[in-house]
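[1] below are the sequence and a predicted model; questions follow.
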Amino acid sequence: MTLDEGKAKFIQAWGTFGSKWGINRTMAQVHALLLIAPNSLSADEIMDALDISRGNANMNLRALIDWALVMKEFKPGDRKEYFYAEKDIWKVGTQIVAQRKKRELEPIREILSSLDNIEGDSEEVEVFRKTVHEITEISAATDRILEKITKSDRNWILSTFIKMLS
């Protein structure tokens, strides 16, 4: 397999994984391209490499910047903006976890907390309260685990997982 074939396969696979993680395929492909690029790339270079429109490139670059997975830089003497991805995969993973937590877990926890004052004493109310309480407990536990993961260093996490598997 040539380098170009490997790059194409990686970009396609990362795009597929991204869509399973809840982000669009093109956003994941832009991220993949920047992950494997040795130097920062301009929007034009990204558009050419992935055969996407300027609007699509710009929209996905903004989203990746919002996720703190991609940064922007300017090169002296050049008016173009250049983009590069965080190369430390541990940081990438913890940033994705932090963003998913913020965008998915925190909103549901907010909704659940607003449901703790349902009035009544019928069987239907009790089943509702029990269900909401159980979902609240598991979402709180998930939140604590994800918080530990995003705040811990990789050595602590790896040693903890190894202990759990032993």
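    Now that the structure is in, tell me what you want to look at.
[2] show me what the helix or strand harbouring residue 137 packs onto, helices and strands only.
    Assigned by DSSP states H and E, residue 137 falls within helix 123-151. Where contact means 3 or more CB pairs under 8 Å, 6 or more residues apart in numbering; DSSP states H and E, helix 123-151 is packed against helix 89-100, helix 106-113. C-beta here means a position set from N, CA and C on the backbone, and glycine is covered the same way.
[3] show me what the one helix or strand residue 33 maps to is packed up against.
    Using DSSP H and E, residue 33 sits in helix 25-36. Under the contact criterion of 3+ CB pairs under 8 Å, 6+ apart, helix 25-36 touches helix 3-21, helix 43-50, helix 54-66, strand 70-74, strand 81-85.
[4] adding distance to residue 92 and mean pLDDT, write these out as CSV.
    Formatted as CSV, the helices and strands packed on helix 25-36 follow (distance: least, CB to CB, whole Å; pLDDT from 0 to 100):
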stretch, distance to residue 92, mean pLDDT
helix 3-21, 11, 90
helix 43-50, 18, 97
helix 54-66, 11, 96
strand 70-74, 10, 94
strand 81-85, 8, 96
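[5] relative to residue 112, which of these is closest?
    helix 3-21 (23.1 Å; CB to CB).
[6] how far does the closest one sit from the chain's center?
    Distance of helix 3-21 from the chain centroid (CA atoms, centre = their mean, to the nearest Å) equals 16 Å.
[7] so residue 16 sits right up against residue 24, yeah?
    No: with contacts counted by CB atoms under 8 Å, residue 16 stays clear of residue 24, the gap being 11.5 Å.
[8] in space, what's closest to residue 17 - neighbours in sequence excluded?
    Leaving aside its sequence neighbours, residue 17 sits nearest to residue 28 (CB to CB, 6 or more residues apart in numbering; 6.6 Å).
[9] I am finished for the moment; much appreciated.
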